[in-house]
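[1] Everything below, folded, please.
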Amino acid sequence: MFRLPMLAKLVIVNTGYRIFKVYMRITNKTPKVINGDDTVKYIVTHKCSVARFGDGEFLWIFQERAEGDFEKNSSKLSKKLLQVLNSENDNLILCIPDVFKTLKGTKKTARVYWETFLTKRGYRVLNLLSNSKKYFDTQFTRPYIDYNYNSRNFENKFESLKKIWFNRNVLIVEGEKTRFGVASDLLDGAKSVRRIICPSKNAFERYTQILNNVRRQATLINDALVLVSLGPTATVLAFDLSEMGIQTVDIGHLDVEYNWYKMKAKEKISVPGKYVNESKVQFIEIDDGLILQKYYKQIIKVVK
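    Got it, this is the predicted structure:
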């Protein structure tokens, strides 16, 4: 089978992205997206819940996520994500990628990825969004690995993010071996940390059980802040818990990004003690018993 040279592919996707931008301008459909820094400031100031839609969530809406990924495509998940995307809850902000106006500052790999994604699926994504709605940047949880080193102050970005949970009683909802904030100072400013461990794969199939357990535990915690790292289930959970008056932030890959920043990583590599689905070696256990002992003590519920 004939294959296009890589240079030709790059030219095609870049041209497709430029045509897509012209289409947005002509049709006046360019989404209004608040940048990452202002997204974080808004969360800190308003103590709002956050539902994030990245490329994966849109693929799950279209039921086109690659087979063998950690969450199955299903009509139920697709409909629920659409319900969240159409939410009018004032206590919940909706985040989408801030990639529609410009990709300035991103590394070549990230730029090519988004040019390809928007060329192929951008028109359908636009049909899901509202011209009158103000969105926030879903990439606020991914401020490091996709960006050129001279394009931003990474330290300031992570210090600003830490203000979200500063002096709060944090309830982390995560998959097995996610270990958000373990073996780093990321959560040092939190008043307390508790954890609910959920299935690492196909968590949405246990959604009712997860929702009920998180709601029950969160109501027992004073001034609770729920941080969820659980794929598209996190997006849905943030919506449902916000409807119940529980501040919930879909925090995504932030912990891995923070570790990559501390490691000065130049590509997506393994992080000892944590599951990293984007690295070649996805999990390497640590042998520090004291760190693991502290982590296990924070677990208050396991949903199987």
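
[2] going forward, measure contacts and count neighbours with C-alpha atoms only.
    Noted.

[3] and the helix or strand harbouring L241, C-alpha only, in CSV?
    With elements taken from DSSP states H and E, the one containing L241 is helix 232-243. Provided in CSV are the C-alpha atoms of helix 232-243 (Å, rounded to 0.1, in the frame of the first residue of the first chain):
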residue,chain,number,x,y,z
PRO,A,232,-14.4,10.4,31.2
THR,A,233,-16.0,9.2,34.4
ALA,A,234,-14.4,12.2,36.1
THR,A,235,-16.1,14.6,33.7
VAL,A,236,-19.5,13.0,34.5
LEU,A,237,-18.8,12.8,38.2
ALA,A,238,-18.0,16.5,38.4
PHE,A,239,-21.3,17.3,36.8
ASP,A,240,-23.5,15.1,39.1
LEU,A,241,-21.7,16.0,42.3
SER,A,242,-21.9,19.7,41.5
GLU,A,243,-25.7,19.3,41.1
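
[4] Tell me the helix or strand right after it.
    strand 248-250.

[5] what packs against the helix or strand just after that following strand?
    As assigned by DSSP H and E, the chain's next helix or strand after strand 248-250 is helix 254-263. Contact partners of helix 254-263 among helices and strands, from 3 or more C-alpha pairs under 8 Å, 6 or more residues apart in numbering; DSSP states H and E: none.

[6] quick one on the thing from earlier: quick one: buried residues of the helix holding L241?
    By 16 or more other C-alpha atoms under 10 Å, the buried positions in helix 232-243 come out as 232-242.

[7] elements contacting it?
    strand 49-52, helix 75-85, strand 92-96, helix 207-218, strand 224-229, strand 248-250.

[8] Take the buried residues of helix 232-243 and lay them out in CSV including pLDDT and distance to C48.
    Formatted as CSV, the buried residues of helix 232-243 follow (pLDDT from 0 to 100; distance: C-alpha to C-alpha, whole Å):
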residue, pLDDT, distance to C48
P232, 97, 19
T233, 98, 18
A234, 98, 15
T235, 98, 14
V236, 98, 15
L237, 98, 14
A238, 98, 10
F239, 98, 11
D240, 98, 13
L241, 98, 11
S242, 98, 8
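
[9] Dump the helices and strands packed on helix 232-243 to CSV, plus distance to N169, mean neighbour count and mean pLDDT.
    CSV is the format used below for the helices and strands packed on helix 232-243 (distance: least, C-alpha to C-alpha, whole Å; neighbours: other C-alpha atoms under 10 Å; pLDDT from 0 to 100):
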stretch, distance to N169, mean neighbour count, mean pLDDT
strand 49-52, 15, 28, 98
helix 75-85, 26, 17, 98
strand 92-96, 19, 25, 98
helix 207-218, 10, 16, 98
strand 224-229, 5, 25, 98
strand 248-250, 12, 30, 98
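
[10] Looking at the ones you listed, which is nearest to Y23?
    Closest to Y23 of the helices and strands packed on helix 232-243, according to C-alpha to C-alpha: strand 92-96, at 18.9 Å.

[11] Let's see that closest one as CSV, backbone CA atoms only.
    Taking Å, rounded to 0.1, in the frame of the first residue of the first chain, the C-alpha atoms of strand 92-96 are listed here in CSV:
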residue,chain,number,x,y,z
LEU,A,92,-19.9,24.2,37.1
ILE,A,93,-17.5,25.4,34.5
LEU,A,94,-17.0,23.5,31.2
CYS,A,95,-13.5,23.2,29.9
ILE,A,96,-12.5,22.4,26.3
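
[12] Show me how far it is from its chain's centre.
    Distance of strand 92-96 from the chain centroid (C-alpha atoms, centre = their mean, to the nearest Å) equals 11 Å.

[13] Please apply the same query to stretch 39-48.
    16 Å.

[14] buried stuff in it?
    Judged by neighbour count using 16+ other C-alpha under 10 Å, the buried positions of stretch 39-48 are 39-40, 42-44, 47-48.

[15] thinking again about what came up before, list the neighbours of the helix holding L241 that are in contact with it.
    Around helix 232-243, the neighbours that count as contacts under C-alpha atoms under 8 Å, 6 or more residues apart in numbering are 49-53, 56-57, 71, 80-81, 84, 89, 91-92, 203-204, 207, 211, 215, 228, 247-250, 252.

[16] what angle do that helix and strand 92-96 make?
    Put simply, helix 232-243 runs at 160 degrees to strand 92-96, going by axes from the mean of the first three to the mean of the last three C-alpha atoms, to 10 degrees.

[17] What score does the closest residue to Y135 other than its chain neighbours have for pLDDT?
    Spatial nearest neighbour of Y135, excluding adjacent residues (C-alpha to C-alpha, 6 or more residues apart in numbering): V33 at 4.7 Å. In this model, V33 is scored at 98, pLDDT.
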